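Chemist: let's see this in three dimensions:
(4 chains)
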Amino acid sequence: MKALQKAAASKADTKRRKPATSAAPAQRRAEKAPKNVVSMKVAITHPDRIVYPAMEITKSEVAEYYAAVAPWLLREAMRRPLSIVRCPGEIEKACFFQKHEESSLGDAVHSAKIKEKNRKTARYLYIDSPRGLVQLAQMNAIELHVWGATIDDPDHCDRLVFDLDPGAGVAWKRIAAAARDVRAALKKTQLQSWLRVSGGKGLHVVVPLRPAAEWNAAHAFAEMLARTLAAQSPQNYVAVAGEKNRENRIFIDYLRNARGATSIANYSLRARDHAGVALPIGWEELRRISSADAFTLHDVPGLLKRRRRDPWQDIGKIEQALPAQPS
DNA sequence: GGTGCTA
DNA sequence: TAGCACCAACGCGGA
DNA sequence: TCCGCG
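Modeler: Take a look at the predicted model:
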């Protein structure tokens, strides 16, 4: 997350979308009143507040977006502990992370007790309904990040994630090739994987595990695979976070595979100027797209209506486990 | 965005 | 009751 | 231990 500045946006900064024509007083009153998101009965306050200045996207458009993609989004994100990025002002101006329960988020935004590393327990957010998702939008949640585990079994990883994060100057072709390389390496260990564009710069390769794995094993396996690829192709890949010499290379980020770590949820918006979406795609689609932020708030609801089949349809059906650790 | 304290 | 301050994560690795 | 990153 590039700009999670705490700097409070001053009230004067709050922009509203101007009505297309000069509004009659009655209309103006109607604009000011909270809008309900159709069929979800969630009141959206400040519906015309601009959230994405570059795209002139308003808060109510964000809420309508989440209402539209809710069934798809929930398929993977439901009942997983969430970290949300809330932007009460404009994106990249005053956003903050939240992962713990707050009673005022809405009656359909739930929380589950989960043990933290320090042995204490805390209540983590989760949702299991479209209504909960829209209530999060009302609370200015823009990005949703999820654990690779569910609240029902937080100690086991059922989704392994490789985040391919390109350094400066890496062409799209090489990012796409990296995803295929990760897929091929996984296939060698009999693991099938699924793909999504992050909505930002990179691609995510996701591996379902059923039965779910111990976090230690998941992390160790992911690290080994990332380091192996980096050793085989050091001109293309690095497996070390934050390395300055990432320039012209792709960081294979395996660090999401730790208990408590999160990755962007499918269909989540990104809090970046172009309103990109983290979209699951089929492997065969990879050659037809030209960037990881090719899909936006404006495209995705229509695209979902046209989609015959969910590219991740079978991710929850397949039974596959990590290979036995070489001893 | 919501809460709770203060003037 | 209007205004205001304050709150809303965390773990990792490198320096 | 602090800082930057994601």
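Chemist: contacts for stretch A:100-118, please.
Modeler: Contacts with stretch A:100-118, where a contact means CB atoms under 8 Å, 6 or more residues apart in numbering, come from A:42, A:81, A:121-129, A:131-132, A:135-136, A:138-139, A:151, A:154, A:259-260. Just so you know, the C-beta spots here come from the backbone N, C-alpha and C atoms, and that holds for glycine as well.
Chemist: show me how far it is from its chain's centre.
Modeler: Remark: stretch A:100-118 is offset 19 Å from the chain centroid, using CA atoms, centre = their mean, to the nearest Å.
Chemist: give me the neighbour count for residue A:285.
Modeler: Using other CB atoms under 10 Å, the number of residues around residue A:285 comes to 13.
Chemist: grab the nearest non-local neighbour of it.
Modeler: Closest residue to residue A:285 apart from its sequence neighbours, by CB to CB, 6 or more residues apart in numbering: residue A:311 at 7.2 Å.
Chemist: so the one you found touches residue A:279, yeah?
Modeler: No: the pair residue A:311 / residue A:279 is not scored as a contact, 9.1 Å apart, by CB atoms under 8 Å.
Chemist: show me which of these two is the more surrounded one.
Modeler: Legend: neighbour count by other CB under 10 Å for residue A:311 and residue A:279, higher for residue A:279 (27 against 17).
Chemist: enumerate the residues of chain A near DNA strand B.
Modeler: Listed as neighbours of DNA strand B in chain A under the rule CB under 7 Å from any atom of the strand: A:45-46, A:49, A:59, A:88, A:103-104, A:138-140.
Chemist: just the buried ones from these?
Modeler: A:46, A:49, A:59, A:88, A:138-140 (16 or more other CB atoms under 10 Å).
Chemist: from the residues you listed, which two are the most distant?
Modeler: Spanning the widest gap among these are A:49 and A:139, at 13.0 Å by CB to CB.
Chemist: which stretches of the stretch 201-327 of chain A have low pLDDT?
Modeler: Scanning the stretch 201-327 of chain A for pLDDT under 70 picks out A:244-245, A:325-327.
Chemist: can we see that at 50?
Modeler: Along the stretch 201-327 of chain A, the parts satisfying pLDDT under 50 run over A:327.
Chemist: all helices of it, in order?
Modeler: With DSSP state H, counting those that start in this stretch as the criterion, the stretch 201-327 of chain A has helices at A:215-232, A:300-306.
Chemist: and for the last one, what are the contacting residues?
Modeler: For helix A:300-306, the external contacting residues (CB under 8 Å, 6+ apart) are A:65, A:68-69, A:72, A:267, A:277, A:279, A:295.
Chemist: again, but for the first one
Modeler: Residues lying outside helix A:215-232 but in contact with it, judged by CB under 8 Å, 6+ apart, are A:148-149, A:155-157, A:160, A:162, A:181-182, A:185-186, A:209, A:213, A:237-240, A:252-254, A:257-259, A:322-323, A:325.
Chemist: would you mark the buried spots in that helix?
Modeler: A:215, A:217-223, A:225-227, A:229-230.
Chemist: just the buried residues from the contacts of helix A:215-232, in ChimeraX please.
Modeler: Buried residues among the contacts of helix A:215-232 (16+ other CB under 10 Å), as a ChimeraX selection:
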select /A:148,149,156,157,160,162,181,182,185,186,209,213,237,238,239,252,253,254,257,258,259,322
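Chemist: filter the contacts of helix A:215-232 by proximity to DNA strand D?
Modeler: Within the contacts of helix A:215-232, those near DNA strand D by CB under 7 Å from any atom of the strand are residue A:253.
Chemist: in strands, which of the contacts of helix A:215-232 fall?
Modeler: Counted as lying in strands by DSSP state E, out of the contacts of helix A:215-232, are A:156-157, A:160, A:162, A:209, A:213, A:237-238, A:252-253.
Chemist: nearest to DNA strand D, of these?
Modeler: Nearest to DNA strand D among the ones in strands among the contacts of helix A:215-232, counting by CB to the nearest atom of the strand, is residue A:253 at 6.0 Å.
Chemist: what's near enough to touch the closest one?
Modeler: A:162-165, A:226, A:241.
Chemist: for it, give the beta-bridge partners.
Modeler: residue A:163 (DSSP bridges).
Chemist: any idea how far it lies from residue A:205?
Modeler: 11 Å (CB to CB, to the nearest Å).
Chemist: any residues in contact with both of the two?
Modeler: Both residue A:253 and residue A:205 are contacted by A:162, A:164, under the criterion CB under 8 Å, 6+ apart.
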